[in-house]
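**Q** Quick one, structure for this:
(one chain, ligands or ions: 1)
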Amino acid sequence: MLTINNIDKYYADDQALSNVSLNIPAGTCYGLVGPNGAGKSTLIKIIASVIKDFDGEVHFSHNKLRIGYVPQEIALEETVSARDNLNFFGKLYGLLGTALKRRTDEVLSEVGLTERGKDKVQTFSGGMKRRLNIGCAIMHKPNLIIMDEPTVGIDPQSRRYIFQMIEQFKQGGRTIIYASHYMEEIEQLCNEAAFMDQGKIVKNGSIDRLLQKHAVPSVYVKGENCLPEGIGQCGSVMNMSGGHLITTNDPLEAMENILTFCRKSNLEPDRLELVKPRLEDVFFSLTGSQLRD
Ligand SMILES: Nc1ncnc2c1ncn2[C@@H]1O[C@H](COP(=O)(O)OP(=O)(O)OP(=O)(O)O)[C@@H](O)[C@H]1O
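**A** Next up, the predicted model:
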């Protein structure tokens, strides 16, 4: 669907992107993840042709490409209704008359705002505005939907609603590029991702593979005296929430050691569980950094 080759982007003398190359296959939900200032929005604006002055190339392989761009900043006219906002974007994409009305009704329903269609946007909650912001970007039924932090500052219900919308987009075979600094969102929604940090792609690939290759699982045990003395041989041990986290390449061995020890000592742990690695762990193991603000 999309190939990006060797992109460099400067704002005056400051380099925002450095030698960024990516391949985004059709039908994937592709995450761009990284801390504030990593360069996600800049890359997204380049893909959406909002930024045109950059070095490198962006090549689309789809012959009937329709891009829907959901900007990070809400791009709505607050003094008019939701319906008027959708109509405006629909007309920009060439919709008129009954086709425009039909599509506006469909999109109002898709974003869960049918009942509020005639109300002014300035009366909407943050989550409703975010949903309408997405609605404006899908009036022309795009096959590539680019979303820049679409869940910033919203309530859990709207966030869940947006996730359901994205699942629908995926089922419809659309390609999605989803930028966020919330790694758990990327992990939940996307099948591939690129980690960005300080204008560079640190690592990219399938999420399952990134997790398998770069994150180490852990075992968490909580309970008085439940930690065998020799457990340090299995991996590194850290105090956590009143218990211990053992980060190890062989979590089953660590669990077995703890269980055997507890049985022999007639102890019962309050908690003993396998902690699956998270995308956040992969990012930290690759960048060796905490999230920068
Ligand atoms: N219009 C601009 N003028 C000057 N510098 C900019 C501009 N837009 C972004 N930058 C800088 O470029 C770098 C990358 O910013 P960008 O917004 O692309 O990152 P991001 O990963 O999307 O971060 P955020 O999550 O905060 O939006 C940052 O150092 C930022 O300050």
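
**Q** just the strands in the chain please.
**A** 2-11, 14-24, 29-33, 55-60, 67-70, 144-148, 175-180, 192-197, 200-206, 218-222, 236-240, 243-247, 271-275 (DSSP state E).

**Q** Residues touching the fifth one, excluding its own?
**A** Outside strand 67-70, the residues that touch it by Cβ atoms under 8 Å, 6 or more residues apart in numbering are 44, 47-50, 133-134, 137-138, 140, 142, 144-148, 150. From N, CA and C alone the C-beta is placed, and that goes for glycine too.

**Q** hang on, the earlier thing: point out the most buried one among the strands of the chain.
**A** strand 29-33 (a mean of 27; mean count of other Cβ atoms under 10 Å).

**Q** got the residues of the stretch 151-293 of the chain near the ligand?
**A** Within reach of the ligand by Cβ under 6 Å from any ligand atom, the stretch 151-293 of the chain has these residues: H181.

**Q** Just give me the neighbour total for the residue in the stretch 151-293 of the chain that the ligand sits nearest to.
**A** Nearest residue of the stretch 151-293 of the chain to the ligand, counting by Cβ to the nearest ligand atom: H181, 5.5 Å away. Using other Cβ atoms under 10 Å, H181 has 19 other residues around it.

**Q** Report the contact partners of it.
**A** Going by Cβ under 8 Å, 6+ apart, H181 touches V33, G34, P35, N36, A38, K40, E149, L291.

**Q** Just the buried subset of the contacts of strand 67-70, please.
**A** Buried subset of the contacts of strand 67-70 (neighbour count, 16 or more other Cβ atoms under 10 Å): 44, 47-48, 133-134, 137-138, 140, 142, 144-148, 150.

**Q** Find the centremost residue of this structure, please.
**A** I186 (3.2 Å; Cα atoms, centre = their mean).

**Q** pLDDT score assigned to that one?
**A** The per-residue pLDDT reported for I186 equals 94.

**Q** contacts for the biggest helix by length in the chain?
**A** Secondary structure of the chain read by DSSP state H shows that its longest helix is helix 156-171. Contact with helix 156-171 is made by 29, 110-112, 125-128, 130-131, 134, 145, 147, 150-151, 154, 176, 178, 188-189, as judged by Cβ under 8 Å, 6+ apart.

**Q** Return the distance of it from the chain's centre.
**A** 12 Å (Cα atoms, centre = their mean, to the nearest Å).

**Q** Return the set of buried residues in that helix.
**A** Quick answer for helix 156-171 (16+ other Cβ under 10 Å): S158, R159, Y161, I162, M165, I166, F169, K170.

**Q** Fine by me, we can end here.
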